[in-house]
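> Generate coordinates for the sequence data below:
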Amino acid sequence: MIKKLLDVRKVIKSKKPSFTRQDSYRYLKLGTAWRGRKGRHNKFRMHRRGHTNPTPSYSSPVKVRGFHACGKKEVMICNVSDLETINKTDEVARIASTVGLKKRIDIVNDANKLNVRILNPGVSTLKAIKIASKKDKAAKKSVAKVKKDNVNKDDSKDKVKKVSAEAEPKK
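Below you'll find the model as predicted:
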């Protein structure tokens, strides 16, 4: 049922014109956001031909309002604890625009652990995660090398001590 309604919404939105404020192309200070007309002789207000107004007929079906194109409800995430409230089967996460890179990285990592889909992880976030994982791998390799080197050096010192003790004549 939801898939059918999403298809209906797609058709409705493809036919919907862009509603811009009257004379917004003429005066930049007005902005493009739609404003209802109040003038006595206004053509938009009187619904003259060629002057389209936003009407409820352009809206999407009520059951799929706020849904993502994949058919799941979008939930806004501001911090890591918000991820725990998400229902994985019915909802997807969208990170708020005010969240910084450091928190964003934490959110993306925790979402991967919880198998929660994030709609806007961000390119810079993914790059930062890759760089961090490369640094972690390099650090682990260097720690492993240091441990191996220390073990080998300690063994060789012990062998040298044993050999030197055997070589020295006992008094």
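> alpha carbons only for contacts and neighbour counts from here, please
OK.
> Using the three-state scheme, assign Met76.
strand (DSSP: H, G, I helix; E, B strand; the rest coil).
> quick one: which helix or strand includes Ser142?
helix 123-167 (DSSP states H and E).
> Now do stretch 130-143: distance to the chain's middle.
With CA atoms, centre = their mean, to the nearest Å as the basis, stretch 130-143 stands 24 Å off its chain's centre.
> actually stretch 94-105, not the one I typed
Put simply, stretch 94-105 sits 8 Å off its chain's centre (CA atoms, centre = their mean).
> list the buried ones in it?
94-95, 104-105 (16 or more other CA atoms under 10 Å).
> Any stretches of this structure with poor pLDDT?
In the predicted model, the chain carries pLDDT under 70 at residues 144-171.
> again, only this time at 80
140-171 (pLDDT under 80).
> The nearest residue to Gly31 once chain neighbours are set aside and Ser60, how far apart?
Nearest non-adjacent residue to Gly31, counting by CA to CA, 6 or more residues apart in numbering: Ser24, 5.8 Å away. Distance of Ser24 to Ser60, given as CA to CA, to the nearest Å: 26 Å.
> who's more crowded, these two?
Taking other CA atoms under 10 Å, Ser24 and Ser60 do not tie; Ser60 has more neighbours (18 against 14).
> Let me know the secondary structure of the more buried one.
Per three-state DSSP, Ser60 ends up coil.
> what sits against it?
8-9, 12-13 (CA atoms under 8 Å, 6 or more residues apart in numbering).
> Buried among these? Make that a ChimeraX selection.
Selection of buried members from those for ChimeraX, criterion 16+ other CA under 10 Å:
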select :9
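> closest to Thr85 among the contacts of Ser60?
Comparing the contacts of Ser60 against Thr85 with CA to CA places Arg9 closest, at 27.7 Å.
> For Ser14, see how far away the nearest residue to the closest one once chain neighbours are set aside is.
For Arg9, ignoring the flanking residues on the chain, the nearest one in space by CA to CA, 6+ apart is Ser60 at 5.1 Å. Counting by CA to CA, the separation of Ser60 from Ser14 is 11 Å.
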